[in-house]
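>>> need a structure here:
(2 chains)
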2 protein chains.
Amino acid sequence: MVCPRFLGHFFRPWKFDLCTETENSPIPQPVLARLLKAAHHAPSVGFMQPWDFVLIDSLEVRQQVLASFNEENAKAAENYTGERQQTYRSLKLQGITESPMNLCITCDRSRGGTHVLGRNSIVEMDLFSTCLAVQNLWLAARAEGIGVGWVSIIDQDRLSDILQLPEQVYPLAYLCLGYVSEFLDQPELQAKGWRERLPLEELVHGNGWGKPLEPVGLSERLKNS
Amino acid sequence: MVCPRFLGHFFRPWKFDLCTETENSPIPQPVLARLLKAAHHAPSVGFMQPWDFVLIDSLEVRQQVLASFNEENAKAAENYTGERQQTYRSLKLQGITESPMNLCITCDRSRGGTHVLGRNSIVEMDLFSTCLAVQNLWLAARAEGIGVGWVSIIDQDRLSDILQLPEQVYPLAYLCLGYVSEFLDQPELQAKGWRERLPLEELVHGNGWGKPLEPVGLSERLKNS
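This is a model prediction of the structure:
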C-alpha cells in the first residue's frame, strides 16, 4: 500500500504522517485548550497580547485555503529549474485538508490603543510577540505528540478574505495540526539534502559582528550542535 | 538597604533581581551553550536558519547600547501624561549593564540566496523564524533559572552601528540575560495594574473571525486561562 504520507512541510523538523486512523483522529478539546493556553501565555510587548486564534475544522474553508496554497505554490516552483525543481515538486509542503485542525494565529495591530509600551522604536514588536505565541504552541504541541506545520506559501490577502479578518488583523501564521506517528531526528529538508544545518559555532560572535568569542572555550562547546 | 532591583522589563513575566552576589554571577559556558543550541534548533522557513548570535559582555559596548535606550525611552515617555507617565517612569525597562550578559539575535535577510523555499509569498518569514529561535532560547533560559528581558526601546540603526552589523543583517532581538532569585507568577505589567491579561475565550474564533466555536465546550475550558 502506498501510504499518503504528509511528508515534510519545510517548516517542521518531523514527519507528519496521517495515514493511520489514530493520526487522523481529531485533537481532543482538553488538549486543544492546553495548546491555546500555552500560546496565550507567551510574553508580549507591553503585555499587548495582540494574538487571536481562528480554529478551522470546516472542510469547505480549508479547501478555499488549499486553493490559495496551490496558486502560490505554482508560482514558487518557478524559482527552481532542473533537478532542484523536481525535488521541490516532490516535497509535500502542506497538510491543510489532511490534518484534522488548522489554526490561524493572527496579530491585531491596533490592540492596546495608539501607543503600546515598548513599541515606540520598533513597531513590528507586535508581530514578533505573536511569533513567540506560535513557538509556545508549537512546543506544547510537540509535548502532546502533535505535529505542527506552518504554511507560508499562501496569499495573505486572500486568507484574510476567507477568514473574514478585520483590516487591522494580520494573519501571521497558518498552521496545520495533527497527531503524528513519529518525530524525525532531523528536519526533512536536511534529510532530503535540500539544505544542511549550519555550524552553530560560526554563527556566534563576541561583542561585535565577526569578532571571536573570548574565552574561546564556548566555540568548542558549540561544535556539532 | 535599598535593593537595586532590576524590576520589570515589560517583556518579562518575572522579576529579574540582580541585587545579590549569586544573581550577578556570570552564566557558565555549558549553560550558555545549551541556550544557544536551543535557539539554533528552532524551526525556520526553508531551513534557512537566518539567525546569528552576538554575545555582549563588554561593559563599554553595553554602555553604548544603554545610551541608545535612554534616548529612545525619553521619547517613549512623552506618549504618557499625568499618573500614567509617573507609572511609566517607575518601570525599570532594561538591564543592559546590570545583567552579566547581553545577546543580540539577528536575522541575515540574504541567507540562503535569492530564493528561500517557503519565502515566496511572505518575505518576512525569515524575521518570524528568528523570533521562534528567540522563544526557544527564552524557554530554555527559564528552565535554567535565567531571566531574559527583551529590550525593544532601542534605535536599531544605532544598534547595528555599535555591533558593526553588515547591511543585510537585522538586529531583531536585544536580550539581557541573568540569573534571577524568583520568577513572578504573573507579568509585572499585570501586577502593577498597567494592563490585564485578556480573556482567552474571547480571542478564539471558529472557522472565521467572530464566529463562535462549535462545539461550545472548548470556550468553557478556556475560561480563567
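
>>> give the bridge partners for the most centrally placed residue in chain A, please.
Per CA atoms, centre = their mean, the C-alpha nearest to the average position across chain A is that of residue A:150, at 3.0 Å. Taking DSSP bridges as the rule, residue A:150 bridges to residue A:175.

>>> for chain B, what is the nearest residue in chain A?
residue A:131 (3.3 Å; CB to the nearest CB). For every residue, glycine as well, the C-beta is placed using N, CA and C.

>>> just give me the neighbour total for that residue.
If you count neighbours by other CB atoms under 10 Å in any protein chain shown, residue A:131 ends up with 26.

>>> so who does it touch?
Neighbouring residues of residue A:131 by CB atoms under 8 Å, 6 or more residues apart in numbering or on different chains: A:172, A:173, B:128, B:131, B:132, B:134, B:135.

>>> mind checking which of those are in strands?
A:172, A:173 (DSSP state E).

>>> what's the following helix or strand after the lowest-mean-pLDDT helix or strand in chain A?
Across the helices and strands of chain A, mean confidence by mean pLDDT, DSSP states H and E is lowest for helix A:21-24: a mean of 53. On the C-terminal side of helix A:21-24, the closest following helix or strand by DSSP states H and E is helix A:29-40.

>>> returning to what we had before: tabulate the contacts of residue A:131 (JSON lines), appending distance to residue A:36.
Shown next, in JSON lines, are the contacts of residue A:131 (distance: CB to CB, whole Å):
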{"residue": "A:172", "distance to residue A:36": "15"}
{"residue": "A:173", "distance to residue A:36": "13"}
{"residue": "B:128", "distance to residue A:36": "19"}
{"residue": "B:131", "distance to residue A:36": "19"}
{"residue": "B:132", "distance to residue A:36": "18"}
{"residue": "B:134", "distance to residue A:36": "21"}
{"residue": "B:135", "distance to residue A:36": "16"}
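
>>> which residues touch residue A:77?
By CB under 8 Å, 6+ apart, residue A:77 lies in contact with A:85, A:88, A:89.

>>> sorry, slip of the keys, the one I care about is residue A:71.
Applying CB under 8 Å, 6+ apart to residue A:71 gives the contacts residue A:155.

>>> my read is it is in a strand, agree?
No. Going by DSSP: H, G, I helix; E, B strand; the rest coil, the assignment for residue A:71 is helix, not a strand.

>>> the strands in chain A, which residues?
Under the criterion DSSP E, chain A carries strands at the ranges A:51-56, A:101-108, A:146-150, A:169-179, A:204-206.

>>> the last one packs against which elements?
Packing contacts for strand A:204-206, counted by 3 or more CB pairs under 8 Å, 6 or more residues apart in numbering or on different chains; DSSP states H and E, involve helix A:217-222, strand B:51-56.

>>> before we move on, what about the third one?
Using 3+ CB pairs under 8 Å, 6+ apart, the elements in contact with strand A:146-150 are helix A:125-143, strand A:169-179.

>>> at 6 Å instead, please
Under the contact criterion of 3 or more CB pairs under 6 Å, 6 or more residues apart in numbering or on different chains; DSSP states H and E, strand A:146-150 touches strand A:169-179.

>>> how many residues are close by the residue lying closest to residue A:159 once chain neighbours are set aside?
Excluding its sequence neighbours, the residue lying closest to residue A:159 (CB to CB, 6 or more residues apart in numbering or on different chains) is residue A:171, at 4.9 Å. By the criterion of other CB under 10 Å, residue A:171 has 22 neighbours.

>>> and residue A:171, what does it touch?
Contacts for residue A:171 were tallied using CB atoms under 6 Å, 6 or more residues apart in numbering or on different chains; they are A:104, A:106, A:156, A:159, A:160.

>>> before we move on, the earlier item: for the helices and strands packed on strand A:204-206, which one sits closest to residue A:115?
strand B:51-56 (28.8 Å; CB to CB).

>>> sorry, back to before: now mean pLDDT too, for the strands of chain A, in JSON lines please.
Listed next are the strands of chain A as JSON lines, based on pLDDT from 0 to 100:
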{"stretch": "strand A:51-56", "mean pLDDT": "98"}
{"stretch": "strand A:101-108", "mean pLDDT": "97"}
{"stretch": "strand A:146-150", "mean pLDDT": "93"}
{"stretch": "strand A:169-179", "mean pLDDT": "96"}
{"stretch": "strand A:204-206", "mean pLDDT": "97"}
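
>>> deepest-packed of these, please.
Each of the strands of chain A was scored by mean neighbour count; the highest is strand A:146-150, a mean of 26, by mean count of other CB atoms under 10 Å in any protein chain shown.

>>> so what's the residue count around residue A:59?
Residue A:59 has 11 neighbours, counted by other CB under 10 Å.

>>> quick check, residue A:204 in contact with residue B:54.
No. Residue A:204 is beyond contact range of residue B:54, at 7.9 Å (criterion: CB atoms under 6 Å).

>>> closest one of the contacts of residue A:171 to residue B:177?
For the contacts of residue A:171, the closest approach to residue B:177 (CB to CB) belongs to residue A:106, at 30.3 Å.

>>> hey, what's that closest one bridged with?
Residues in beta-bridge contact with residue A:106 (DSSP bridges): residue A:52.

>>> how near is it to residue A:169?
Residue A:106 is 5 Å from residue A:169, where distance means CB to CB, to the nearest Å.
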